[in-house]
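Chemist: The sequence and its predicted three-dimensional model are supplied below.
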Amino acid sequence: MSWPAGEAAFVTGAASGIGLGIARALVAAGAKVALADIDGARLTEVARELTEAGGTVTTVELDVSDADQWAAAADRAEEALGPISILCNNAGVSGGGPVDQTPLELWRWIYRINTEGQFSGVSTFLPRIKSRGGRAHIMNTASMTALLPTAGLSAYSSSKIASVGFSMVLRDELQGSDVGVSVLCPGTVATRINVSAEDAQAKLLGRQPDAALTQQMGTVLAQGADPDMVGQQVVEAMQGRKFYIFTHSDFEPLVRDLYREVEQAFAETDDRHGPDPSARMLVSGEDPLAS
């Protein structure tokens, strides 16, 4: 059997969408899976499905934005399945709007889930993984909007940019170890994130859900990638220790154009400040923060 057969994984946002697709793919690959989600009722249904498919799973009801819940969630998962060696920080929410139309409360809610939730997952499981040794993998779900910032989605897009940056730093910090890191940047995927996010935002802000907006977004999402196929991509990327995971090649020319702007800005730099010692150290492979 090849990796990750026999390994134990912890997947957040596992009750639906991409998280469920990842859980199904992990079970198909022979891994044991802790299904973590805030929706306990839906978790029970998913656990039944995967158990009937021959999988070994357990459920953990978890609000990823509550840092105080993580240690107990990790303990429950490891008591049921054994040491966790695969962490999939997948749970996330969409929403918000233009910068000047996004309440601070909503901005913080999106960041607590999309950004701080991933930090809490890593800070909970990574010390355990390091103490035990052996092959392990951490996967963070970001978004294509992290590479192509999207107007009108200020909180969501910027939180996903933070996820990519966090993953890049984590990769560098774990370089040379047996712990791999991947970041998933999906395009449109056929999930119900529009429904759950709109319902949660409406409750948070004390208003009624926008049914028309939910339906409009649902029409777009329904044409997206199959979450189960995305889950298969994630498992294959972890097996191959690949960092970036993209779902749609259509975005490549747009990303190239964006980073061409960065290259042009460097080309126009006149170096009036003289050489930067930190840059020289990084180019030579040294750590500018090392004492």
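Modeler: Everything's here; your move. Residues are numbered from 1 along each chain as shown.
Chemist: drop to CA atoms for contacts and neighbour counts, all remaining ones
Modeler: Fine.
Chemist: Can you give me the buried ones in the biggest helix by length in the chain?
Modeler: Secondary structure of the chain per DSSP state H: the longest helix is helix 154-173. For helix 154-173, a neighbour-count test (16 or more other C-alpha atoms under 10 Å) marks 154-164, 166-168, 170-171 as buried.
Chemist: Just the helices from the stretch 101-250 of the chain, written as ranges.
Modeler: For the stretch 101-250 of the chain, the helices defined by DSSP state H, counting those that start in this stretch occupy 104-111, 117-132, 154-173, 193-205, 211-221, 227-239.
Chemist: Output the ones you listed in a markdown table; the columns should cover mean pLDDT and distance to residue 277.
Modeler: What follows is these, written out as a markdown table (pLDDT from 0 to 100; distance: least, C-alpha to C-alpha, whole Å):
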| stretch | mean pLDDT | distance to residue 277 |
| --- | --- | --- |
| helix 104-111 | 95 | 34 |
| helix 117-132 | 98 | 30 |
| helix 154-173 | 97 | 20 |
| helix 193-205 | 65 | 45 |
| helix 211-221 | 61 | 47 |
| helix 227-239 | 97 | 36 |
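Chemist: okay, stretch 271-282 in PDB with CA atoms only?
Modeler: Provided in PDB are the C-alpha atoms of stretch 271-282 (Å, rounded to 0.1, in the frame of the first residue of the first chain):
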ATOM      1  CA  ASP A 271      18.100  51.700  -6.800                       C
ATOM      2  CA  ARG A 272      18.500  55.100  -5.300                       C
ATOM      3  CA  HIS A 273      18.700  53.400  -1.800                       C
ATOM      4  CA  GLY A 274      21.700  51.300  -2.600                       C
ATOM      5  CA  PRO A 275      21.900  47.500  -2.100                       C
ATOM      6  CA  ASP A 276      19.700  45.800   0.500                       C
ATOM      7  CA  PRO A 277      21.700  43.500   2.800                       C
ATOM      8  CA  SER A 278      18.700  41.300   3.500                       C
ATOM      9  CA  ALA A 279      18.200  40.700  -0.200                       C
ATOM     10  CA  ARG A 280      21.800  39.800  -0.700                       C
ATOM     11  CA  MET A 281      21.600  37.300   2.200                       C
ATOM     12  CA  LEU A 282      18.400  35.800   0.800                       C
END
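Chemist: just to revisit the earlier point, which one of the buried residues of helix 154-173 is nearest residue 276?
Modeler: Residue 276 lies nearest to residue 168 out of the buried residues of helix 154-173, by C-alpha to C-alpha, at 22.1 Å.
Chemist: could you dump the helices of the stretch 101-250 of the chain to TSV with distance to residue 52?
Modeler: As requested, these are arranged in TSV below (distance: least, C-alpha to C-alpha, whole Å):
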stretch	distance to residue 52
helix 104-111	35
helix 117-132	28
helix 154-173	34
helix 193-205	26
helix 211-221	29
helix 227-239	17
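Chemist: hmm, back to that, quick one: work out the angle between the longest helix of the chain and helix 104-111.
Modeler: 30 degrees (axes from the mean of the first three to the mean of the last three C-alpha atoms, to 10 degrees).
Chemist: Could you number the chain from 47 rather than 1 from now on?
Modeler: All set: I'll call the first residue 47, so the last point we hit is now helix 200-219.
Chemist: contact partners of helix 200-219?
Modeler: Residues outside helix 200-219 that contact it (C-alpha atoms under 8 Å, 6 or more residues apart in numbering) are 139-145, 148, 153, 156-157, 160-161, 164, 186-189, 191-193, 195-196, 226-229.
Chemist: 7 Å - rerun?
Modeler: 140-145, 153, 156-157, 160-161, 186, 188-189, 191-192, 195-196, 227, 229 (C-alpha atoms under 7 Å, 6 or more residues apart in numbering).
Chemist: Report the distance from that helix to the chain centre.
Modeler: Mean C-alpha position of helix 200-219 versus that of the full chain (C-alpha atoms, centre = their mean, to the nearest Å) differs by 9 Å.
Chemist: ok so, going back, residue 131 is nearest to which of the helices of the stretch 147-296 of the chain?
Modeler: helix 163-178 (6.3 Å).
Chemist: For that closest one, which helices and strands make contact with it?
Modeler: Under the contact definition 3 or more C-alpha pairs under 7 Å, 6 or more residues apart in numbering; DSSP states H and E, helix 163-178 sits against strand 130-135.
Chemist: quick one: which of the helices of the stretch 147-296 of the chain is nearest residue 325?
Modeler: Nearest to residue 325, of all the helices of the stretch 147-296 of the chain, is helix 200-219, at 16.2 Å by C-alpha to C-alpha.
Chemist: and the angle for the closest one with helix 163-178?
Modeler: Note on geometry: by the same axes, to 10 degrees, helix 200-219 and helix 163-178 are set 20 degrees apart in direction.
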